[in-house]
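Visitor: The sequence and its predicted three-dimensional model are supplied below.
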Amino acid sequence: RRSSPSQTEFYQAAEEVLESLRPLMTKYPKYREHKIIERVVEPERQILFRINWVDDKGEIQVNKGFRIEFNSALGPYKGGLRFHPSVNAGVIKFLGFEQIFKNALTGLQIGGGKGGSDFDPKGKSDNEIMRFCQAFMSELYRHIGPNTDVPAGDIGVGGREIGYMFGMYKKLANRYEGVLTGKSLKWGGSLVRTEATGYGAVYFAKYMLEDRGETLEGKKCVVSGSGNVAIYTIEKLYHLGALPVTCSDSRGMIIDDEGIDLELLKELKEVKRERLTEYVKHRPNAKYIPVEDYESGTNGVYAVECYAAFPSATQNELNLKDAQNLLNNGCVCVSEGANMPSTPEAVDLFVEKKICYGPGKAANAGGVATSQLEMAQNASMVNWTFEEVDAKLAQIMKDIFDTASQTAAEFGEPTNLVLGANIAGFKKVADAMIEQGLV
Ligand code: NDP
């Protein structure tokens, strides 16, 4: 904290993990002897760089670029790139730290990393996006590679941006290889990668509920966000017979009691890149509520009565008051598609009340797991069918749930998946670090 006092999100993420590790450290003194905690909180490498590009008016723009290669004990660094004005060293560091344990939990051979820029893609022309992505990659390309560090998308980085970055990488490296995941299906992508994080968060909810003899069928659900994760969460909820009634963006939210119109949402967000105010023009029975009209200090999405909630926008979007609103309205399940969407006080309440609570590093691991399946297909030059990849994704989410809940039970708190996920993920990384020596 003394060396980087402003990295609040990183300290929040690290504190949560370290708190969970107490019983493990007591049971296995070897982790203390090898100073695993002191080593794991320091990234192996942090790359900070300048990005110069020229906007449509011919003016020079300057942005900050980040890539944190946090831990490679289990495989090449793997984690997304985020383009959003709120990106700074602390945000990327928290995301990279979470990624280490999330990736370990998938059981696949991937290390943890994360990157991005404070560039704001909103309102930029397609040409500006392309020039920015090219400028970003003109520095990043020298640090990444299919066996070194394999970035993917995150907030503000979808298929379009991955395409422009891949084109620039290929030109500079003079190699056509699986250096990025989330690629187009026409040139190296994997079926289900686009859908994977949202689908995975719903599978995770399904397994948590099944364990208690419950299902999502016929149940009202709330979803926050309206980007990649939110859209495919809504899609999978419909597949399982649930009724998703909300979505949101940074300016406001939609309540559609008949169920969110998925095709309309996809058209507005994936094709036209419009705001949610457009949604109600096509669905007169739906309601748009701007952020200013939310009850003060709350997120309007979580004030809506529901059986299950799927936070799918951003960090710290669900606070203690929101958690209380959810519980008072009968919500029994929260499955996090976003990274660290619940504040520590909200997490504590969910754990204390023993609802089905799936923390992001377990519930949203389907995205990175399917990225690894994309890497496997690239390396073997074969393509699997949608059904094959979806079945593997569902099985991975089941395995993550089983691992987290069995570990939680082993340490005396059977319903506490925060404890279970943190201990199980950490243990895999720590054991690999010990076996690989002091490097
Ligand atoms: P997108 O850029 O596709 O969508 C992000 C959504 O969240 C948008 O609706 C956006 O609204 C909203 N949002 C972003 N910042 C804020 C904010 N400060 N306040 C309110 N709303 C906000 O990103 P993704 O769907 O890919 O990512 C969503 C979350 O899921 C992130 O936490 C990400 O780290 C996590 N995640 C994503 C994975 C993936 O595979 N894509 C994998 C694992 C986790 P607006 O358009 O108005 O900004």
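Guide: Great, that's in hand.

Visitor: The residue of the chain found nearest the ligand: how many residues sit nearby?
Guide: As assessed by Cβ to the nearest ligand atom, the ligand sits closest to Gly227 within the chain, at 1.8 Å. Where you see a C-beta, it was placed from the backbone N, CA and C, and this is true even at glycine. Residues near Gly227, counting by other Cβ atoms under 10 Å, number 23.

Visitor: these two touch, right, it and Val157?
Guide: No. Gly227 is beyond contact range of Val157, at 10.3 Å (criterion: Cβ atoms under 8 Å).

Visitor: circling back to that earlier point, now the residue of the chain closest to the ligand: phi and psi?
Guide: In terms of degrees, to the nearest 10, the main-chain angles of Gly227 are phi -100, psi -150.

Visitor: quick one: secondary structure of the residue lying farthest from the centre of the chain?
Guide: Distance to the chain centre peaks in the chain at Gly58, reaching 35.0 Å (criterion: Cα atoms, centre = their mean). In terms of secondary structure, Gly58 is coil; the call rests on DSSP: H, G, I helix; E, B strand; the rest coil.

Visitor: now it: how far from Lys122?
Guide: 21 Å (Cβ to Cβ, to the nearest Å).

Visitor: Tell me who's in contact with Leu74.
Guide: 103-104, 109-111, 428-429, 432 (Cβ atoms under 8 Å, 6 or more residues apart in numbering).

Visitor: residues in contact with the strand or helix carrying Ala424?
Guide: Element membership for Ala424 (DSSP states H and E) is helix 417-435. Helix 417-435 has contacts (Cβ under 8 Å, 6+ apart) with 16-17, 20-21, 23-24, 30-31, 34, 36, 39-40, 71, 73-74, 100-102, 104-105, 208, 347, 351, 357-359, 361-362, 400-401, 403-409, 411, 413.

Visitor: rewinding a little: list buried residues within the contacts of Leu74.
Guide: Among the contacts of Leu74, those classed as buried by 16 or more other Cβ atoms under 10 Å are 103-104, 110-111, 428-429, 432.

Visitor: Tell me what angle the longest helix along the chain forms with helix 417-435.
Guide: When the chain is parsed with DSSP state H, its longest helix is helix 386-410. Helix 386-410 runs at 90 degrees relative to helix 417-435, counting by axes from the mean of the first three to the mean of the last three Cα atoms, to 10 degrees.

Visitor: other SSEs contacting helix 386-410?
Guide: With contacts taken as 3 or more Cβ pairs under 8 Å, 6 or more residues apart in numbering; DSSP states H and E, helix 386-410 sits against helix 89-105, helix 193-210, helix 360-363, helix 366-380, helix 417-435.

Visitor: Which PyMOL command selects the buried ones in the contacts of helix 417-435?
Guide: Listed next is the PyMOL selection for buried residues among these, using 16+ other Cβ under 10 Å:
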select buried, resi 16+17+20+21+24+31+34+36+40+71+73+74+100+101+102+104+105+208+347+351+357+358+359+361+362+400+401+403+404+405+407+408+411+413
